[in-house]
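# Quick one, what's the 3D model for this:
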Amino acid sequence: MPGRVLDPQVEALLQQMREAGQPPFEHMSVPQARQAAAVFADLQGPGPEVASVQHRFIPGPTADLPARIYTPQGEGPFPAILYYHGSGWVILNIEICDATMRALANDTGCVVVALNYQKAPEHKFPVPFNDAWAGLCWLVDHASEIDVDPARIAVGGDSAGANLAAAVAIKSRDQGGPALAYQLLVYPAVERDVDKPSAVENAEGYLLQRESMRWFWGHYLDGATDEPDWRAFPLQAASLADLPPALVVTAEFDPLRDDGRLYAERLRAEGVKVTYSNYDGMIHGFYWMQAVLDGARELHAEIAREVRAALHTSSS
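Model prediction:
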């Protein structure tokens, strides 16, 4: 694709990973991939102080789910973001994204609830989705306990976490609540199709690869999940109308770029207020690289602006 220029900071990071002999996810076992993904903690840098961090267990359908509740300085009740971290539904956890969640709470002025949903392949679809839904129900039921305004709750996430956030928003609409005020969808995976132009253009060499997505989807879905199911593939939902306003973010050198673009286009076409931002020169996962990428810090600042504009209003 002519005119494409990889950000120099991204290029330097990818070169370091190549020199370290880092193989792509699809060439690893699940335990190896989980261990390798711990590098994202270092790429975020140290997390800022927040007013408080609570460690809780949220009852899920099949297990108690670890959660961290980050409360910023200020006087509540606060708006809240229920955040589902990226993972390919297989790797990562709330400990690794701790620094970013701290910054998110401080800079949005929201209580951030980071939920450690269960992972595949031990817990395949729909277990992570059911966990994600249970987290929302718990947050609404316990809003006053954690100083949250139940009228100003957002769901958000990155990658597989954005997939869960989008699907939870659809279920919330279809079941008449809990009412959501906003969606934060950072490079969402919303369809299993890995033949889109962005997947072909960015098939290899940019951290997340086309075959990596086949590997993640293969671990997440059981063999019976062949028919379109919006809980796994939000882009396949019959309607996206009447969903909460959204910020949808994509990265130029990401196999999933077209997923996010198409989702934003459908949301807008069906009457949902959408801000769509594509970050030139960036790769999948860049939001968790604020210690090394200017683009990551720019994204974080945009998220803070958009969330504040959407959620810091009167709850009357």
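
# Provide a list of residues in contact with residue 127.
Listed by C-beta atoms under 8 Å, 6 or more residues apart in numbering, the contact partners of residue 127 are 61-62, 117-118, 120. (C-beta placed from N, C-alpha, C; glycine too.)

# please redo it, this time with the cut-off set to 7 Å
Contacts here follow C-beta atoms under 7 Å, 6 or more residues apart in numbering; on that basis residue 127 touches 62, 118.

# just residue 297 next, same as before
Residue 297 sits in contact with residue 290, where contact means C-beta under 7 Å, 6+ apart.

# what helix or strand does residue 128 sit in?
Taking DSSP states H and E as the criterion, the element that holds residue 128 is helix 127-141.

# Run the chain-centre distance for that helix.
Here the centre of helix 127-141 is set off from its chain's centre by 15 Å, with C-alpha atoms, centre = their mean, to the nearest Å.

# Give me the buried stretch members for it, please.
127-140 (16 or more other C-beta atoms under 10 Å).

# same check, this time on stretch 234-243
Neighbour-count burial for stretch 234-243 flags 234-235, 237, 240, 243 (criterion: 16+ other C-beta under 10 Å).

# Then stretch 196-208?
Within stretch 196-208, the residues scored as buried using 16+ other C-beta under 10 Å are 196, 198-199, 201-202, 206-208.

# Report the two of these separated the most.
Maximum pairwise distance among the buried residues of stretch 196-208 (C-beta to C-beta): 17.7 Å, between 196 and 207.

# ok, longest helix in the chain?
Identified as the longest helix of the chain according to DSSP state H is helix 294-311.

# Now do the buried residues in that helix.
Going through helix 294-311 with 16+ other C-beta under 10 Å, the ones that come out buried are 295-296, 299-300, 303-304, 306-307, 310-311.

# Ok, stretch 4-12 next?
The neighbour-count check on stretch 4-12 (16+ other C-beta under 10 Å) flags 6-7, 9-10 as buried.

# which intervals of the stretch 151-300 of the chain have sub-threshold pLDDT?
Confidence mapping of the stretch 151-300 of the chain against pLDDT under 70 gives the ranges 223-227.

# can you give me the strands for it?
182-186, 246-253, 274-283 (DSSP state E, counting those that start in this stretch).

# Direction included, what does the second one pair up with?
Using DSSP bridges, strand 246-253 pairs in its sheet with strand 182-186 (parallel), strand 274-283 (parallel).

# Kindly calculate the angle that that strand makes with helix 294-311.
On the basis of axes from the mean of the first three to the mean of the last three C-alpha atoms, to 10 degrees, strand 246-253 is oriented at 170 degrees to helix 294-311.

# How about the last one?
Angle between the axes of strand 274-283 and helix 294-311 is 170 degrees (criterion: the same axes, to 10 degrees).

# from the middle of its chain, how far away would strand 274-283 be?
Using C-alpha atoms, centre = their mean, the distance from the centre of strand 274-283 to the centre of the chain it belongs to is 14 Å.

# Just the CA trace of it, in CSV.
Written as CSV, here are the backbone C-alpha positions of strand 274-283 (Å, rounded to 0.1, in the frame of the first residue of the first chain):
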residue,chain,number,x,y,z
VAL,A,274,-19.2,7.5,16.9
THR,A,275,-15.7,9.0,17.0
TYR,A,276,-13.4,7.0,14.8
SER,A,277,-9.6,7.4,15.1
ASN,A,278,-7.0,5.6,13.0
TYR,A,279,-3.4,6.0,14.2
ASP,A,280,-1.0,6.2,11.4
GLY,A,281,2.3,4.3,11.8
MET,A,282,1.0,2.3,14.8
ILE,A,283,0.7,-1.4,15.4
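
# Many thanks, have a good one.
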